[in-house]
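> predicted coordinates and the sequence they were generated for:
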Amino acid sequence: MENQLVTCPMCEEGQLLVQVGLEQVNYQGKRITVTYDFAICSLCGSEIVTPSQAAANQARSLDEYRKRNGLLTSQEIQ
Ligand SMILES: [Zn+2]
């Protein structure tokens with residue numbers, strides 16, 4: 001949803017282009033795939049994760065973990 005152009009902190013000339021990547025993580029012995037946001041500089045190619053992207057990525061991973069956890073433990077909770 002972030003559409004503002006951000007200047008690259010590495011070269012201070014390029015503009016960061018928001019990308020979405022897929023990351024596989026292990027959770028309780030299962031491999032799950034989560035999406036994560038990052039940005040690539042149009043000029044120097046640096047891959048950057050801004051603080052707001054990092055926070056969004058973490059929230060998304062936690063959501064995914066909770067979903068898995070709920071599926072695995074819902075019978076125990078009741
Ligand atoms: Zn750059």
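Received the coordinates, thanks.
> residue ranges for the strands of this protein, please.
Secondary structure of the chain (DSSP state E): strands at 6-7, 15-27, 30-41, 47-48.
> closest to the ion out of those?
The closest of the strands of the chain to the ion is strand 30-41. By C-beta to the ion, the value is 3.1 Å. (Each C-beta comes from the backbone N, C-alpha and C, glycine too.)
> hang on, the earlier thing: the strands of the chain: which one's closest to K67?
For K67, the closest of the strands of the chain is strand 30-41, at 9.2 Å, according to C-beta to C-beta.
> the closest one relative to strand 15-27, how many degrees between them?
Angle of strand 30-41 versus strand 15-27, following axes from the mean of the first three to the mean of the last three C-alpha atoms, to 10 degrees, is 170 degrees.
> any part of strand 30-41 near the ion?
Yes: Strand 30-41 reaches the ion (C-beta under 5 Å from the ion) through C41.
> what about K30, distance to C41?
35 Å (C-beta to C-beta, to the nearest Å).
> got the contact list for T7?
Residues near T7 by C-beta atoms under 8 Å, 6 or more residues apart in numbering: E13, G14, Q15, L16.
> what's the closest non-adjacent residue to the second one?
Going back to what we said before, that points to G14. Excluding the flanking residues, the one nearest G14 by C-beta to C-beta, 6 or more residues apart in numbering is L43, at 2.7 Å.
> now narrow the contacts of T7 to whatever sits close to the ion.
Applying C-beta under 5 Å from the ion to the contacts of T7, those adjacent to the ion are G14.
> just the buried ones from the contacts of T7?
Those of the contacts of T7 that meet the buried threshold are G14, L16, by 16 or more other C-beta atoms under 10 Å.
> and the furthest pair within the contacts of T7?
Among those, E13 and L16 lie farthest apart (C-beta to C-beta), at 11.3 Å.
> one step back: in this structure the residue nearest to G14 contacts C11, no?
Yes: between L43 and C11 there is a contact under C-beta atoms under 8 Å: 5.6 Å.
> up against the ion, what does this protein have?
Near the ion, when you scan the chain using C-beta under 5 Å from the ion, you find C8, M10, C11, G14, C41, L43, C44, S46.
> and the last one, what are its phi and psi?
Think S46. phi -60, psi 140 (degrees, to the nearest 10).
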